[in-house]
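# My questions concern the predicted model and sequence given below.
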Amino acid sequence: MIEVPSAAIELAKRFEGFERKVKRGIEIAAVPYICPAGFWTIGYGHLCDPKHPPITEAEAEVYLARDLQSALAATLRYCPVLATEPESRLAAIVDFTFNLGAGRLQTSTLRRRINQRDWAAAATELRRWVYGGGKVLPGLVTRREAEAAWLLRNG
């Protein structure tokens, strides 16, 4: 079984952050919030119900590990060529899938370019996924650039 690449964990944490923290007794917890794309989220970008109870950073890490495992499985299902590519490429697309969902990868031109091993075209496709709520989100521009850089690495 392929493990979630450490670079994918690094990317997810860098761009998601442990958001909307509150002090709960002696510990810090995260509460649900609406992300820039309009979804209820908690911790490191975990989709949730608006009434989800606050979670600790340790609980957020558990959600993130599960979410990234699901993203990894979907990424390899739709882009099987990534199983034999450098880990950096797999990490980039796992982060994309974690951020936008498996359905977006499944129906995308990005998927076709990856499976053709056309890395330059795949990087170009990645950079198109920068909209949230109908407008370009600077955070997504930065995230897609980081993913494109990982995709274009050779090791």
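Nice, I can see it. These figures come from a predicted structure and were not determined experimentally. Numbering: from 1, shown residues only.

# For the worst-scoring helix or strand of the chain on mean pLDDT, output the C-alpha coordinates as PDB.
The helix or strand of the chain with the poorest confidence is strand 21-24; it has a mean of 74 (mean pLDDT, DSSP states H and E). Provided in PDB are the C-alpha atoms of strand 21-24 (Å, rounded to 0.1, in the frame of the first residue of the first chain):
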ATOM      1  CA  LYS A  21      -9.000  28.700  16.900                       C
ATOM      2  CA  VAL A  22     -10.600  29.300  20.300                       C
ATOM      3  CA  LYS A  23      -9.500  28.700  23.800                       C
ATOM      4  CA  ARG A  24     -11.400  25.800  25.400                       C
END
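
# what's the next helix-or-strand element following it packed up against?
Once the chain leaves strand 21-24, the next helix or strand it forms, by DSSP states H and E, is strand 27-30. Using 3 or more CB pairs under 8 Å, 6 or more residues apart in numbering; DSSP states H and E as the contact test, the elements touching strand 27-30 are strand 21-24, strand 55-56, helix 57-78. The C-beta positions use only the backbone N, C-alpha and C, and glycine is treated the same way.

# Give me the distance from the last one to the chain's centre.
Which is helix 57-78. 9 Å (CA atoms, centre = their mean, to the nearest Å).

# Parallel or antiparallel, list what pairs with the least confident helix or strand of the chain.
strand 27-30 (antiparallel) (DSSP bridges).

# Quick one: the strands in the chain, in order.
All strands of the chain, identified by DSSP state E, fall at 21-24, 27-30, 33-34, 40-42, 46-47, 55-56, 131-132, 135-136.

# and among those, the most buried is which?
Greatest average neighbour count among those goes to strand 40-42 (a mean of 21), per mean count of other CB atoms under 10 Å.

# what about the closest residue to Glu10 other than its chain neighbours, how many residues close to it?
In this structure, Glu10 finds its nearest non-sequential neighbour in Ala91, 7.9 Å apart by CB to CB, 6 or more residues apart in numbering. The number of residues packed near Ala91 is 27, by other CB atoms under 10 Å.
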